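Engineer: Give me coordinates for this.
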Amino acid sequence: MIGILDYGMANLRSVQNAFARVGHPAELISTAEQVKACDHLVLPGVGAFNDAMNALRSNGVDQAIVEHVKAGRPFLGICLGLQMLFDVSYEDGKWPGLGILKGECVRFDVDQPSVGLKVPHMGWNQLEIKSKSPLLRDVAEGSNVYFVHGYHVVPTDASVISTTTDYGRPFVSSVWKDNIVATQFHPEKSQAVGQKLLLNFAAM
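Structural biologist: Residues are numbered from 1 along each chain as shown. Below is the predicted model of the structure:
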């Protein structure tokens with residue numbers, strides 16, 4: 001079963017509908033017990049990092065996510081779901097994350113006059129493949145995907161970086177470690193490329 005974690009901070013239906021379109025129905029789940037019953041777990045998210053982490057901690061779902069990953073079962077993080085994998089975020093303060101991957105989440109600084117780009121980063125942008133994760137099977141270099149985010153992750157271990165994307169300067173747009181795949185962009189909004197990514201995740 002593919003479970004999509006509902007903790008009150010994501011457009012879950014769009015993710016669920018995207019899986020259904022590629023022939024892999026997914027269930028919305030919200031408890032630690034339901035997480036434990038999943039073969040594949042999806043952690044989507046939009047909004048504030050600390051609010052999201054508090055929601056996960058409120059009923060022990062944070063530990064259930066860690067146990068799912070440690071058990072070697074496939075995990076997909078999307079947008080905020082990628083950011084929460086890391087140790088800490090500096091979004092409106094300093095807040096601890098799940099600590100599954102080492103590193104931090106920081107704000108884009110490309111809105112400085114010397115660069116002059118808008119934050120948040122919003123719209124279509126290209127992937128530069130650094131390591132071919134299972135999620136990227138048959139996905140071409142330079143594929144366009146859809147982003148909406150003002151923060152990005154900086155992993156301590158560069159070996160987990162699967163793709164980067166250029167927005168004023170390169171940033172990490174997806175990661176991969178063992179059974180963990182996670183994207184800063186939104187596969188559910190990325191049309192044919194996104195559909196291929198979801199198919200690949202279902203096959204993990």
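Engineer: Report how many residues lie close to G150.
Structural biologist: For G150, the tally of surrounding residues (other C-beta atoms under 10 Å) stands at 13. C-beta coordinates here come from the backbone N, C-alpha and C atoms, glycine included.
Engineer: how close does it sit to Q184?
Structural biologist: From G150 across to Q184, the span is 11 Å (C-beta to C-beta, to the nearest Å).
Engineer: And the strands in the chain?
Structural biologist: Taking DSSP state E, the strands of the chain run over residues 2-5, 26-29, 40-43, 75-78, 88-89, 95-96, 103-107, 121-126, 128-129, 144-149, 151-155, 161-167, 169-177, 180-183.
Engineer: Which one, of those strands, ends up nearest to V15?
Structural biologist: Proximity to V15 (C-beta to C-beta) singles out strand 2-5 among the strands of the chain, at 5.5 Å.
Engineer: Nearest to the spatial middle of this structure, which residue is it?
Structural biologist: Geometric centre of the chain, nearest residue: I78, 2.6 Å, by C-alpha atoms, centre = their mean.
Engineer: Would you confirm that it contacts V181?
Structural biologist: No: checked against C-beta atoms under 8 Å, the pair I78 and V181 is beyond contact range at 10.0 Å.
Engineer: wait, what's in contact with the residue nearest to the centre of the chain?
Structural biologist: If a contact means C-beta atoms under 8 Å, 6 or more residues apart in numbering, then I78 has 10, 15, 42-45, 182-183, 186-188 as its contacts.
Engineer: for it, which residues make a bridge with it?
Structural biologist: T183 (DSSP bridges).
Engineer: Can you check which residues contact both of G150 and Q184?
Structural biologist: Counting by C-beta under 8 Å, 6+ apart, nothing touches both G150 and Q184.
Engineer: Counting neighbours, what do you get for L12?
Structural biologist: 20.
Engineer: Around the spatially closest residue to G8 that is not a sequence neighbour, how many other residues sit close by?
Structural biologist: Nearest residue to G8 in three dimensions, chain neighbours excluded: A55, at 5.6 Å (C-beta to C-beta, 6 or more residues apart in numbering). The number of residues packed near A55 is 19, by other C-beta under 10 Å.
Engineer: Repeat that for the one 10 residues further on.
Structural biologist: Around I65 there are 23 other residues, counting by other C-beta under 10 Å.
Engineer: looking at it, it is touching C38, isn't it?
Structural biologist: No: assessed by C-beta under 8 Å, I65 is found out of contact with C38, at 10.2 Å.
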